[in-house]
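next input, structure requested:
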Amino acid sequence: MNAEAPENVRLIGGEMLLWSDMSNMGGITDWRGAALELIRRLIPPSGRVLLVGPHPQGLVDEVVSQAPSAAVLLRSYPDACALGERHRGLAVFCGRLEAFAAEEPYDLVLALDGLLRTHSAEAPAAAWRESLGALAGLIAPGGRLVLGVRNDLGVDRFLEARPADREGGDDQWEPHGFDPTYPGGPAALDRGLESAGLSVRRCYAAYPARQAPRALLSREALDADLPDALTFPLSARGGDRMLVADPLQLTRLVFRHRLGEELAPLWLAVATRPPHDTEAATVATHPPHDADELPLGLVEEGTALYELTGDGVRRLPDGEERPIPAGRVVEEILVEACAREDVQAVRELLRKLAGWLEAGGDVSAATDSLVYDGERFAATSPAAGPSMPPEPKVVLCRILWRFAVRLLAAGHHHPWPWPLEADQLTLTLCGMAERPCGQGDLDRARKLDAELGCPGEEHVPTYRDLLGARDRLADQLTAALARISRLETKLSYRERELVRAKAKLRRSQRKASAYRKTLGYRLSRRLARPRKVARRVFRLLSG
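This next block holds a predicted model:
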């Protein structure tokens, strides 16, 4: 334990002196633009804010800079000292949640990391509902709670091969275990909050993964039929993750079957503690925190942040509202056509795509960021193009090259020879679009892709892809072994026939050699010589 701690750090009991939750950020959710925007709208103009548990540094800095009065509760003593040094005017309490007794309640309590890291090794971990009750006691009447809850049956659990509760980091000092009070779904989460004396104002489903959510979608938005242009990008891929299945396909099925809330990687609930009875009548007429002021959804696309509205999306902070394009994602249409070996459908769609690009289509588009409604194409997230617009043929070549790379890397079935490489398949697809391209066009397409800042790289195949490849190789190996067995049988038969023929030849040679040694053979040879000489002389005289 450090001898000198910052003056703004107070020990409340149950602190972990040699433990650090921030030593491995892999176990802490990296809340970014969407969560920061939601918190900015919730911070009261005059009130007290409390952060419970570890949070990303950027989120803490944002709350400290915006809130008129802020405090933090952490169980780790080293983390508390580091935070106290960083923000000298911030009140930092170090210890377990059950030991914290606030002098005054707080108008806003933020626990985006959940309640699992509010316990201490000094005492047995309390049940989730008990911790929620202790947390609710810190909220002032009419105050708000923002609580993050990880879903034990989230879609990311079906994708990730590594055990979720044992990632090998310092933050995984104790497994989650089984807690009957832990919410197993949105309805159980609502009941848990209500049992703690809180009323749910809005509950968000966070996607694409619990490590770094880029989108917050309310249950009101998920009840509607969200367009593919919005849900298609909400799949987590990349990094050093060990994937069991293709995140894109599985996430698309989740939204298509209206299970976006039940299978969300985590939930972010905004709840309110009802005011006292003396204020109930006033609150019923003029509720201080109405759900209408909370956004229906927040979605990040690169550096841009969009708010989901009733009729479309609006870019923040002051962008205009635009409708979400309708239609299916072009990549899904092409993959399904390739699976059916419907070459004609692929050819017609690529022709229309080439015509759209020649008519002034989006230069930065790709098959996974385009939707097609049967008549027209639309980019889901238009991006800034290069300074010098390239030829439409080069743009088409880039789009088809990215599609070829993704198609082959994912192991999807297609009607072309399997050993075909991505470059060869790209030139084939360009020919099907009636826009023949050469190797020079393909090189320029790669340069354009690098200039746009989204180089097409082959992703690591998932376990299901590897199992599919293994099954194909096993079938090929079985066929090859069967052919080798047939050839070995035929070779053994031919070898036996050759041995018999050689033995028969040797016997014939021995018989011929023995016959030449007989008296009759020698006499016949000698008697035959005069006759040969007479015939030669006769031929000379008669000629």
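
for the stretch 151-300 of the chain, give me the ranges with low pLDDT.
Counting by pLDDT under 70, the stretch 151-300 of the chain shows low-confidence ranges at 162-177, 236-242, 276-292.

how about 50 then?
168-171, 278-289, 291-292 (pLDDT under 50).

swap in the stretch 351-500 of the chain?
456-458.

can you pull out the strands in it?
370-372, 377-379 (DSSP state E, counting those that start in this stretch).

where's the last one relative to the chain centroid, distance-wise?
Between the mean C-alpha location of strand 377-379 and the chain-wide mean there is a distance of 23 Å, by C-alpha atoms, centre = their mean, to the nearest Å.

cool, and stretch 422-437?
Relative to its parent chain, stretch 422-437 has a centroid offset of 28 Å by C-alpha atoms, centre = their mean.

please renumber the chain so that the first residue is 53 from this point on.
Noted, 53 is the first residue going forward, which turns the last one into stretch 474-489.

which of the residues in it are buried?
By 16 or more other C-beta atoms under 10 Å, the buried positions in stretch 474-489 come out as A474, L477, T478, L479, L481, C482, M484, A485, R487, C489. Where C-beta positions appear, they are placed from N, C-alpha and C, glycine not excepted.

looking at the residues you listed, which are in helices?
A474, L477, T478, L479, L481, C482, M484 (DSSP state H).

tell me, how many residues neighbour the residue lying closest to the second one once chain neighbours are set aside?
Nearest-residue entry for L477: A456, 4.2 Å, with adjacent residues in sequence omitted and distances by C-beta to C-beta, 6 or more residues apart in numbering. The burial count assigned to A456 is 24, neighbours taken as other C-beta atoms under 10 Å.

wait, A456 touches L481, no?
Yes. Counting by C-beta atoms under 8 Å, A456 touches L481, with 6.6 Å between them.

for the residue nearest to L477, give me its contacts.
A474, D475, L477, T478, L481 (C-beta atoms under 8 Å, 6 or more residues apart in numbering).

quick revisit: is it possible to export the strands of the stretch 403-552 of the chain to JSON lines including distance to S537 and mean neighbour count?
As requested, the strands of the stretch 403-552 of the chain are exported to JSON lines (distance: least, C-beta to C-beta, whole Å; neighbours: other C-beta atoms under 10 Å):
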{"stretch": "strand 422-424", "distance to S537": "50", "mean neighbour count": "24"}
{"stretch": "strand 429-431", "distance to S537": "54", "mean neighbour count": "19"}
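
what's the closest of those strands to H107?
strand 429-431 (34.9 Å; C-beta to C-beta).

residues of stretch 170-182 that come out buried?
Buried-residue list, stretch 170-182, by 16+ other C-beta under 10 Å: T170, H171, S172, A177, A178, W180, R181, E182.

farthest pair within those residues?
Farthest pair in the buried residues of stretch 170-182, by C-beta to C-beta: S172 and R181, 18.3 Å.

picking that back up, closest one to R558 among the strands of the stretch 403-552 of the chain?
strand 422-424 (78.4 Å).

centre of the chain to the closest one, how far?
The chain centroid and the centroid of strand 422-424 are separated by 21 Å under C-alpha atoms, centre = their mean.

dump the residue contacts of the closest residue to F210 other than its chain neighbours.
Nearest non-adjacent residue to F210, counting by C-beta to C-beta, 6+ apart: L302, 6.4 Å away. Taking C-beta under 8 Å, 6+ apart as the criterion, L302 is in contact with V207, F210, L211, S287.

what's the most distant pair in the residues you listed?
That would be F210 and S287, which, of those, are the farthest apart (C-beta to C-beta) at 12.1 Å.

show me which of those two is the more surrounded one.
S287 (22 against 14).

helix, strand, or coil at the more buried one?
Three-state call for S287 (DSSP: H, G, I helix; E, B strand; the rest coil): coil.

hmm, it is touching L295, no?
No. Contact criterion C-beta under 8 Å: S287 and L295 do not qualify, at 10.6 Å.

make JSON lines out of the contacts of L302 and add secondary structure and distance to T324.
Shown next, in JSON lines, are those (DSSP: H, G, I helix; E, B strand; the rest coil; distance: C-beta to C-beta, whole Å):
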{"residue": "V207", "secondary structure": "helix", "distance to T324": "29"}
{"residue": "F210", "secondary structure": "helix", "distance to T324": "33"}
{"residue": "L211", "secondary structure": "helix", "distance to T324": "34"}
{"residue": "S287", "secondary structure": "coil", "distance to T324": "33"}
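
and these as a markdown table, adding distance to E383?
Shown next, in a markdown table, are the contacts of L302 (distance: C-beta to C-beta, whole Å):
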| residue | distance to E383 |
| --- | --- |
| V207 | 19 |
| F210 | 21 |
| L211 | 19 |
| S287 | 12 |
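
sorry, back to before: what's the farthest-apart pair in the ones in helices among the buried residues of stretch 474-489?
Top of the distance list for those (C-beta to C-beta): A474 and M484, 15.4 Å.

can you give me the helices for the stretch 203-352 of the chain?
Assigned by DSSP state H, counting those that start in this stretch, the stretch 203-352 of the chain shows helices spanning 207-211, 238-247, 271-275, 280-283, 299-308, 332-337.

reformat those as a markdown table; add distance to L543.
A markdown table is the format used below for the helices of the stretch 203-352 of the chain (distance: least, C-beta to C-beta, whole Å):
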| stretch | distance to L543 |
| --- | --- |
| helix 207-211 | 50 |
| helix 238-247 | 68 |
| helix 271-275 | 66 |
| helix 280-283 | 58 |
| helix 299-308 | 47 |
| helix 332-337 | 93 |
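
out of these, which gets nearest to W319?
helix 238-247 (6.0 Å).

can I get the CA coordinates of that closest one in PDB?
In PDB, the C-alpha atoms belonging to helix 238-247 read as follows (Å, rounded to 0.1, in the frame of the first residue of the first chain):
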ATOM      1  CA  PRO A 238     -35.000  -8.300 -20.700                       C
ATOM      2  CA  ALA A 239     -38.200  -9.200 -18.700                       C
ATOM      3  CA  ALA A 240     -36.100 -10.500 -15.800                       C
ATOM      4  CA  LEU A 241     -34.000  -7.300 -15.900                       C
ATOM      5  CA  ASP A 242     -37.200  -5.200 -15.700                       C
ATOM      6  CA  ARG A 243     -38.500  -7.300 -12.700                       C
ATOM      7  CA  GLY A 244     -35.100  -6.900 -10.900                       C
ATOM      8  CA  LEU A 245     -35.100  -3.100 -11.300                       C
ATOM      9  CA  GLU A 246     -38.800  -2.900 -10.200                       C
ATOM     10  CA  SER A 247     -38.000  -5.000  -7.100                       C
END
